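>>> what's the 3D shape of this:
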Amino acid sequence: MLASTLSLSCSKDDSSPEPQIGYFVKKITVSKAGEEYMKIDFRYDNNNSIIEQVVDTDTIKYAYNGRGQLTGYRFNDEDSYRFEYTGNIITKILEHDSQTDEVEDEIPVTFSNGTYSINGDTICKVGDRGQLLELPDDDIVFSYGEEAGVHRHLTLNPARYFLPGGESMVYDLTLSNKELLGWEQEGSEVSMENQRNEQGLITTIRVTTLYDKEFQWDIEYEERELVRSLN
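Reported below is the predicted structural model:
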């Protein structure tokens, strides 16, 4: 009996630890003035990186390198872009023909003091961990809190801020791991009202924009096993 107990005890000690589970965004529904405005579905790979988003009737696919950096973007099998890096810094964007995959254009990217620029035009300013701080051309400065945001486990990729239809990262909330509190635009403050459930997950966001337009985000989550960070 003692041997049996010891055997079970040792077996339990040697067992692998229980996998850690995290919550990842499965769907975001954005409403404007009480009517559905946009619906975004998310699909992830085994590293919990977003590999596909379906935005209403459009499909966006993403590819990554071994470090988890976003290297490829494809929109509806039409627009196709690839990103090159030096270390963690984006240095070039390659525009590809969606049919032949041939490079149609090479766009050099410069980076200085957290600011990305193309041909002298400022694209965005990012923080140390990749979160979006400013969109200077639109005169927008984002404000974050200390609590976890909607995408608390997501590896941030500044390449997303270069993509066509740049406002999409505001709708899909992939601009930070921290809670987005609002933004300053044209000298005016826009505040967001975030509601959390019993697990502490943000499930509803309400905001009234600079032009008195009322938006609401309703967020659904799925459980996924956490993996060690690629960075």
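
>>> okay, now the nearest residue to Arg152 once chain neighbours are set aside: neighbour count?
Nearest residue to Arg152 in three dimensions, chain neighbours excluded: Asn177, at 5.6 Å (Cβ to Cβ, 6 or more residues apart in numbering). C-beta here means a position set from N, CA and C on the backbone, and glycine is covered the same way. Other residues within reach of Asn177 by the criterion other Cβ atoms under 10 Å amount to 18.

>>> I'd like the distance between Asn177 and Val30.
According to Cβ to Cβ, to the nearest Å, Asn177 and Val30 sit 20 Å apart.

>>> model confidence over stretch 184-198, on average?
Stretch 184-198 shows an average pLDDT of 91 in the prediction.

>>> pull the residues that contact it.
Contacting residues not belonging to stretch 184-198 are listed as 138-141, 143, 179-183, 202-210 [Cβ atoms under 8 Å, 6 or more residues apart in numbering].

>>> hmm, try it at 10 Å
Here stretch 184-198 makes contact (Cβ atoms under 10 Å, 6 or more residues apart in numbering) with 23, 134-135, 138-143, 145, 147-150, 179-183, 201-211, 215-219, 221.

>>> among these, name the ones in strands.
Per DSSP state E, strands hold the following members of those: 23, 134-135, 140-143, 145, 147-148, 179-183, 202-208, 215-219, 221.

>>> which of those residues are buried?
23, 134-135, 140, 142-143, 148, 179-183, 202, 205, 207, 215-217, 219, 221 (16 or more other Cβ atoms under 10 Å).

>>> where along the chain do the helices fall?
Counting by DSSP state H, residue ranges of the helices within the chain are 2-14, 168-171.

>>> circling back to that earlier point, any idea how far Lys39 is from the residue nearest to Arg152?
For Asn177 relative to Lys39 (Cβ to Cβ), the value is 23 Å.

>>> how about Glu95?
Using Cβ to Cβ, one obtains 28 Å as the distance from Glu95 to Lys39.

>>> now Glu184
Counting by Cβ to Cβ - Glu184 and Lys39 are separated by 28 Å.

>>> one more: Val54?
Val54 sits 8 Å away from Lys39, going by Cβ to Cβ.

>>> overlap in contacts of the two?
A shared contact of Val54 and Lys39, defined by Cβ under 10 Å, 6+ apart, is any residue touching both; here these are Lys27.

>>> for the residue most central in space within the chain, give me phi and psi.
With distances taken as Cα atoms, centre = their mean, the chain has Thr174 as the residue nearest its mean C-alpha position (2.7 Å). Per-residue torsions, Thr174: phi -90, psi 20 (degrees, to the nearest 10).

>>> roughly how far does it sit from Tyr161?
From Thr174 over to Tyr161 (counting by Cβ to Cβ), the distance is 9 Å.

>>> sweet, I'm off.
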